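Engineer: No sequence on hand, only this structure:
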C-alpha cells in the first residue's frame, strides 16, 4: 500500500509542471473567451440599438438573449476543453511510453522495485484519474467565475437565466447531478483507461504482434461491456431497465476484473524492456 | 547461487537462447563472455524477469523470482535506470524510499570514491560519470547478487580503472556478481568463473584459475581455441 | 604496489611468487604482519578469492603463519627463509644456464664474466651511495 502511494505521488509530480501549464492555459483561454463573447454581444447590442433606434425588447426579439450557452459553444471554450481532453488522452499513452523510450530507461527501475508490478499499473491509473478529476474541478470553479463575469458585463434584461449548466448537453457528462451518476460516469472512464493501459501493455509485451492483440482485446472488451445494450437491441422491451443496468454493472466488473488480471499477467511474465 | 536451467527463448524467428544453463555462486565473480548479439544481455534480463523466456527455469537461491527478490538481487544495465532529470541526490532519495536494502553510508562512500557531485543532474553527466552513477545505484544496495551489463563499455580508461577497483574491494566481497563484457583481457585476473557463450548456447563454463593451473591457458587463449577451432 | 600479473599462470601462484621475491629481497621482514586478504586483493588488484587461495597455500608451505585470532605474519623460521632464497637463486641460475647453454662457452669464462659484471655493478652502487 505504501509503495502504491509513493508511486502515485511520484507519477503526479512528474507531470505536475505540464499540468500547471495546462491549467494556466485553460484559465487564460476561458477567461479571455468569456469576456470577449460577453462584450461582443453587448457591443453588438449597443451598435444595433443605436443605429436602428431599437429598445431592449426589440433588440432581443431580433437577436435573441444572451445565455451562457453562447460562451459554451464559442471556440474559446470548446478549444480549451478539447486541448484538455487531448492532453489527457495523449498522456494516457505517454505515461507508459516515456519510461521506455528516450535516453533513460526508467522502466528498468520501475520493474525492479520490490513491489508487485501491478502497483505500477494502479499508480498510473490513479494518477490519470486524479489529473482528470483536477481538471473537472477546475472547470467547475471556472464556470462559477465565468458566470459572474457574464453577469457583470451583460445586464439582466439581456440574459437568460441558465444556472443549470447541466442543461447544456456537453456538460451532462462532465457535471453529473447525483453521486450515482458521478460513480457511473467516472467508473466508465476508469474502465476505459484501464483497458487502454492493458492494450499498451500488450504492445510492450509482444511489440508488433502486440498491437494486433491490443486491438482484438479492445474490441472484445467493448463487446462484453456493451453486451446488455446489444442484447436489448435484439430483444427490445424484453428486459426491464433495471435489469439492463444490473447486467451493465456485471459486465463492467467482468471487463475491469479481466483487464487488471491480464495486465498483472503481462507485467509479471511477458513484459519486455 | 543463481541457477539458469535449460532456458530457451525465441524472439520472432530467431532462437536467441538455446537450452542455456550455467550457475553463478555467491562470493564469486562470474563473467559471461561472447560477441555482441549472442544473448548475454538477454540472459541477464531474463534472470531479472525483464524479458520472458519460453521454457526452462531460473532460480535465485533456489527460488523463482518474486517481488522481494529485488532486495536480494539487482541489475545494472548499460543504460541508466533513473529519471533523466533527476539529480544524483534525488535518485538516492528515490532508492532509499523504495528499497530496504539501500545503504546510505555505502552510497556516500561511493560518491566520494567516484568523485561525483550529488547536486548534478544525471542527464548532464559524461558517459563515464553516468556509468559510475549507474554502478553506484547498484552497489549501494545491500543485495546478495549483482548483475552488470558491460560495466566497462564505452568508458575512458581512468573511469574503467576506478570501476575495476571496485571489484577488488569490500564492496563486492561476499556478493555474487555476474557481468558481461568484451574487454575480457582487462579484467581476466579479477574473475572467478568464465562462461563462454555463442549463438545462444553455453560453449564452455570453467573456473579461470583451474584452467590456468591445469592447462597454462588464459581465458583469451581458451576463447581463441573455442571460437576459432 | 603494482604487480603485473600474466593471465596464463594461476594468479595465486604468481602472488606466492611475488611474496617469495619480496622475502628474498628483504622487503618483507621475518615476523612482519601481512595485509588482510581484503587489503591484499585491493593492493594487488586481484579477486579476493585469489588472495584467499594464495594465503592458504602460503600457510601450508609455511611461508606465513597465523597465531589464533592475530593477523598472519611472515614466517620467522630461518630454514624456510633460507630455502625461499635458495629457491629463487636456483631459479635464476636455471634461467641463466638455459640461456647460455645455447651459446657454446666454457664455464670458467662465463663465471669470470659474471664476477666482473657483478663487481662493476656493486662498484657503481657503492659510488652512488
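Structural biologist: Arrived safely, thanks for sending. Just so we're clear, the structure is a prediction, and the values are computed from it rather than from any experiment.
Engineer: How far off centre is the helix or strand of chain B with the lowest mean pLDDT?
Structural biologist: In chain B, no helix or strand scores lower on mean pLDDT, DSSP states H and E than helix B:184-187, which sits at a mean of 81. Here the centre of helix B:184-187 is set off from its chain's centre by 15 Å, with CA atoms, centre = their mean, to the nearest Å.
Engineer: buried stuff in that helix?
Structural biologist: B:184, B:187 (16 or more other CB atoms under 10 Å in any protein chain shown). All C-beta atoms are positioned from the backbone trio N, CA, C, and that covers glycine.
Engineer: show me what contacts residue 32?
Structural biologist: Going with chain A. By CB atoms under 8 Å, 6 or more residues apart in numbering or on different chains, residue A:32 lies in contact with residue A:76.
Engineer: I was after chain C.
Structural biologist: By CB under 8 Å, 6+ apart, the contact list for residue C:32 reads C:73-74.
Engineer: now residue B:194
Structural biologist: So residue B:194 contacts B:30-31, B:33, B:184, B:204-206, B:208, B:219, B:222 (CB under 8 Å, 6+ apart).
Engineer: quick one: which of those residues is nearest to chain C?
Structural biologist: The shortest approach to chain C among the contacts of residue B:194 belongs to residue B:219, at 6.8 Å (CB to the nearest CB).
Engineer: Which helix in chain C has the most residues?
Structural biologist: helix C:78-101 (DSSP state H).
Engineer: Check which residues of that one are buried.
Structural biologist: C:80-81, C:84, C:88.
Engineer: circling back to that earlier point, mind putting the contacts of residue B:194 in JSON lines, secondary structure included?
Structural biologist: Below are the contacts of residue B:194 laid out as JSON lines (DSSP: H, G, I helix; E, B strand; the rest coil):
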{"residue": "B:30", "secondary structure": "strand"}
{"residue": "B:31", "secondary structure": "strand"}
{"residue": "B:33", "secondary structure": "strand"}
{"residue": "B:184", "secondary structure": "helix"}
{"residue": "B:204", "secondary structure": "strand"}
{"residue": "B:205", "secondary structure": "strand"}
{"residue": "B:206", "secondary structure": "strand"}
{"residue": "B:208", "secondary structure": "helix"}
{"residue": "B:219", "secondary structure": "helix"}
{"residue": "B:222", "secondary structure": "helix"}
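Engineer: Just name the lowest-scoring one in these, pLDDT-wise.
Structural biologist: When the contacts of residue B:194 are sorted by pLDDT, the bottom entry is residue B:184 at 84.
Engineer: Outside of the helix or strand just after the longest helix of chain C itself, which residues are in contact with it?
Structural biologist: Following helix C:78-101 in sequence order, the next helix or strand is helix C:107-128 (DSSP states H and E). The contact list for helix C:107-128 (CB under 8 Å, 6+ apart) reads residue C:100.
Engineer: residues near the closest residue to residue C:66 other than its chain neighbours, how many?
Structural biologist: Nearest residue to residue C:66, sequence neighbours excluded (CB to CB, 6 or more residues apart in numbering or on different chains): residue C:72, at 4.4 Å. For residue C:72, the count of nearby residues is 18 (other CB atoms under 10 Å in any protein chain shown).
Engineer: For residue C:33, see how far away residue C:72 is.
Structural biologist: Noted for residue C:72: a distance of 7 Å to residue C:33, by CB to CB, to the nearest Å.
Engineer: Give the residues shared as contacts by the two.
Structural biologist: Common neighbours of residue C:72 and residue C:33 (CB under 8 Å, 6+ apart) do not exist.
Engineer: Out of the buried residues of helix C:78-101, which are close to chain A?
Structural biologist: The subset of those within reach of chain A, by CB under 8 Å from any CB of the partner chain, is empty.
Engineer: Present these as TSV; the columns should include pLDDT.
Structural biologist: As requested, the buried residues of helix C:78-101 are arranged in TSV below (pLDDT from 0 to 100):
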residue	pLDDT
C:80	85
C:81	85
C:84	87
C:88	87
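Engineer: ok, now how distant is the closest residue to chain C within chain A from residue A:105?
Structural biologist: Residue nearest to chain C within chain A: residue A:112 (26.8 Å; CB to the nearest CB). Separation of residue A:112 from residue A:105 (CB to CB): 11 Å.
Engineer: tell me, what's touching these two both at once?
Structural biologist: residue B:81.
Engineer: what's across from the residue nearest the centre of chain B in the sheet?
Structural biologist: The centroid of chain B falls nearest to residue B:148 when counting by CA atoms, centre = their mean (1.7 Å). Residue B:148 forms beta bridges with residue B:76, residue B:179, as assigned by DSSP bridges.
Engineer: who's in contact with residue A:227?
Structural biologist: Taking CB under 8 Å, 6+ apart, one finds A:247, A:251 in contact with residue A:227.
Engineer: let's go with 7 Å and repeat that
Structural biologist: residue A:251 (CB atoms under 7 Å, 6 or more residues apart in numbering or on different chains).
Engineer: how near is the residue nearest to the centre of chain B to chain A?
Structural biologist: 13 Å (CB to the nearest CB, to the nearest Å).
Engineer: Next: residue C:50.
Structural biologist: 31 Å.
Engineer: Doesn't that residue lie inside a strand?
Structural biologist: No. Read with three-state DSSP, residue C:50 is helix and lies in no strand.
Engineer: So the chain: which segments form each domain?
Structural biologist: No chain was given, so I picked chain A. A:1-175, A:176-273 (automatic domain parsing).
Engineer: my bad, the chain I had in mind was chain C
Structural biologist: Taken from automatic domain parsing, chain C resolves into C:11-74, C:78-128.
Engineer: Give me whichever of the ones you listed is most buried.
Structural biologist: domain C:11-74 (a mean of 17; mean count of other CB atoms under 10 Å in any protein chain shown).
Engineer: Start and end of it, how far apart?
Structural biologist: 20 Å (CA to CA, to the nearest Å).
Engineer: pLDDT of it, averaged?
Structural biologist: What domain C:11-74 shows for mean pLDDT is 88.
Engineer: Low-confidence stretches in the chain?
Structural biologist: Answering for chain A, as no chain was given. For chain A, residues meeting the criterion pLDDT under 70 lie at A:104, A:161-175.
Engineer: ah, I was thinking of chain B
Structural biologist: Using pLDDT under 70, chain B drops low at B:229.
Engineer: Please enumerate the helices of the stretch 151-273 of chain A.
Structural biologist: Secondary structure of the stretch 151-273 of chain A (DSSP state H, counting those that start in this stretch): helices located at A:169-174, A:179-234, A:241-265.
Engineer: Would you mind putting these into JSON lines with distance to residue B:16 alongside?
Structural biologist: What follows is the helices of the stretch 151-273 of chain A, written out as JSON lines (distance: least, CB to CB, whole Å):
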{"stretch": "helix A:169-174", "distance to residue B:16": "48"}
{"stretch": "helix A:179-234", "distance to residue B:16": "14"}
{"stretch": "helix A:241-265", "distance to residue B:16": "22"}
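Engineer: Among those helices, which comes closest to residue C:40?
Structural biologist: helix A:179-234 (47.9 Å; CB to CB).
Engineer: Name the surrounding residues that touch stretch B:73-88.
Structural biologist: Here stretch B:73-88 has contacts from A:102-106, A:108-109, A:112, B:44, B:48, B:60, B:91, B:116, B:118-123, B:130, B:133-135, B:137-138, B:141, B:143-151, B:153, using CB under 7 Å, 6+ apart.
Engineer: quick one: contacts of stretch B:102-109?
Structural biologist: Here stretch B:102-109 has contacts from B:92, B:95-96, B:136, B:139-142, using CB under 7 Å, 6+ apart.
Engineer: at 6 Å instead, please
Structural biologist: Outside stretch B:102-109, the residues within contact range by CB atoms under 6 Å, 6 or more residues apart in numbering or on different chains are B:92, B:95-96, B:140-142.
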